[in-house]
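*Asks:* next one to model:
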Amino acid sequence: MSIDGTAPEPAPEPLFSVVSGSPTDEELAALAAVVAGLGAQTAPLPPVRPAHRAWARRRNLRLDPKPGPGSWRRSFR
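*Replies:* The predicted structure is shown next:
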């Protein structure tokens with residue numbers, strides 16, 4: 001019991017424990033940040049749409065680049 005008559009809160013479980021070696025404080029902090037970040041991941045992001053729909057449209061319409069003068073210019077459209 002504490003002074004005000006309430007039960008003390010139990011200590012939280014450790015995030016991880018070191019079983020061998022002697023890591024520095026910086027190494028432990030980096031590891032704690034990585035482990036905490038992995039636990040706080042949100043839902044995966046939705047798939048990204050293609051950047052250029054023109055390429056998909058050209059492929060679907062079979063508008064392949066034709067050889068000839070200026071074909072390199074037309075290939076970007």
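*Asks:* low-confidence ranges in the protein?
*Replies:* The chain contains residues with pLDDT under 70 at 1-3, 41, 49-56, 58-59, 62-65, 74-77.
*Asks:* helices of that one, start to end?
*Replies:* 25-39, 53-60, 71-74 (DSSP state H).
*Asks:* residues of the last one that come out buried?
*Replies:* Same thing as helix 71-74. For helix 71-74, burial by neighbour count (16 or more other C-beta atoms under 10 Å) applies to no residue. Just so you know, the C-beta spots here come from the backbone N, C-alpha and C atoms, and that holds for glycine as well.
*Asks:* give me the distance between Leu31 and Pro46.
*Replies:* 31 Å (C-beta to C-beta, to the nearest Å).
*Asks:* and those two? which has more neighbours close in?
*Replies:* Set side by side, Leu31 and Pro46 show more neighbours around Leu31, with 14 against 6, by other C-beta atoms under 10 Å.
*Asks:* contacting residues for the more buried one?
*Replies:* Residues near Leu31 by C-beta atoms under 8 Å, 6 or more residues apart in numbering: 16, 23.
*Asks:* could you measure from it over to Leu15?
*Replies:* Distance from Leu31 to Leu15, by C-beta to C-beta: 9 Å.
*Asks:* looking at the helices of the chain, which is nearest to Glu9?
*Replies:* Closest approach to Glu9 among those (C-beta to C-beta): helix 25-39, 20.5 Å.
*Asks:* CA atoms only: put that closest one into PDB for me.
*Replies:* Only the C-alpha atoms of helix 25-39 are listed here, as PDB (Å, rounded to 0.1, in the frame of the first residue of the first chain):
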ATOM      1  CA  ASP A  25      23.700   2.900 -23.900                       C
ATOM      2  CA  GLU A  26      23.600   4.200 -27.500                       C
ATOM      3  CA  GLU A  27      23.300   0.600 -28.800                       C
ATOM      4  CA  LEU A  28      20.500  -0.200 -26.400                       C
ATOM      5  CA  ALA A  29      18.700   3.100 -27.300                       C
ATOM      6  CA  ALA A  30      18.900   2.200 -31.000                       C
ATOM      7  CA  LEU A  31      17.600  -1.300 -30.400                       C
ATOM      8  CA  ALA A  32      14.800   0.000 -28.300                       C
ATOM      9  CA  ALA A  33      13.800   2.500 -31.100                       C
ATOM     10  CA  VAL A  34      13.800  -0.300 -33.700                       C
ATOM     11  CA  VAL A  35      11.700  -2.700 -31.500                       C
ATOM     12  CA  ALA A  36       9.300   0.000 -30.500                       C
ATOM     13  CA  GLY A  37       8.900   1.100 -34.200                       C
ATOM     14  CA  LEU A  38       8.200  -2.500 -35.300                       C
ATOM     15  CA  GLY A  39       5.500  -2.800 -32.700                       C
END
